[in-house]
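> here is a sequence with its predicted model. Questions after.
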Amino acid sequence: MANEFDQALIDSTDDFLTTFGETVVYWPRTGSSREITAVVGRDRPDDLDGAPHGQAPRLTITVANDETTGISSDEVDKGGDKVALAVKIGETAQQRRITKILSQDAGMMKLELR
């Protein structure tokens, strides 16, 4: 059972994502894909870990921490799961790997994509 603060976070998730989010497609390493709503952060290219001269767009998504309406922190397989989204607004969606869980609480989770 969630405490009052956690429940407030869970209750506010849908309104936040509906207001600021866009539809993306989550592709778990195993299982079927599903459309979810995510707030997409499109940052400038950033260095790739382990590649001294490599750069790639650093994307973040904030999603519901829920296996039905978003992505549950329990189901994330960093490096195996992908999300299809437009890297630049208006472009065709591309699949990008989930590389890190950047933060999470009872309501939402922020993920890094590369």
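Yes, it's here.
> wasn't residue 6 part of a helix?
Yes. With DSSP: H, G, I helix; E, B strand; the rest coil as the criterion, residue 6 is part of a helix.
> gap between it and residue 33?
From residue 6 over to residue 33 the distance is 28 Å, taken as CB to CB, to the nearest Å. Using the backbone N, CA and C atoms, a C-beta is placed for each residue, glycine as well.
> surely residue 10 meets residue 106?
Yes. Under the contact definition of CB atoms under 8 Å, residue 10 touches residue 106, with a separation of 5.4 Å.
> pull up the overlap in contacts between these two.
Here residue 10 and residue 106 have residue 2 as joint contacts, going by CB atoms under 8 Å, 6 or more residues apart in numbering.
> state which strand of this structure is the longest.
In the chain, taking DSSP state E as the definition, the longest strand is strand 34-47.
> just the angle for the next helix or strand after that strand relative to strand 34-47, thanks.
The C-terminal neighbour of strand 34-47 among helices and strands, as given by DSSP states H and E, is strand 55-64. Compare the direction of strand 55-64 with that of strand 34-47 by axes from the mean of the first three to the mean of the last three CA atoms, to 10 degrees and you get 150 degrees.
> name the residues of the longest strand of the chain that come out as buried.
36, 37, 38, 39, 40 (16 or more other CB atoms under 10 Å).
> got a list of contacts for it?
Under the criterion CB under 8 Å, 6+ apart, residues 16-18, 20-26, 54-64, 69-71, 83, 85-89 lie in contact with strand 34-47.
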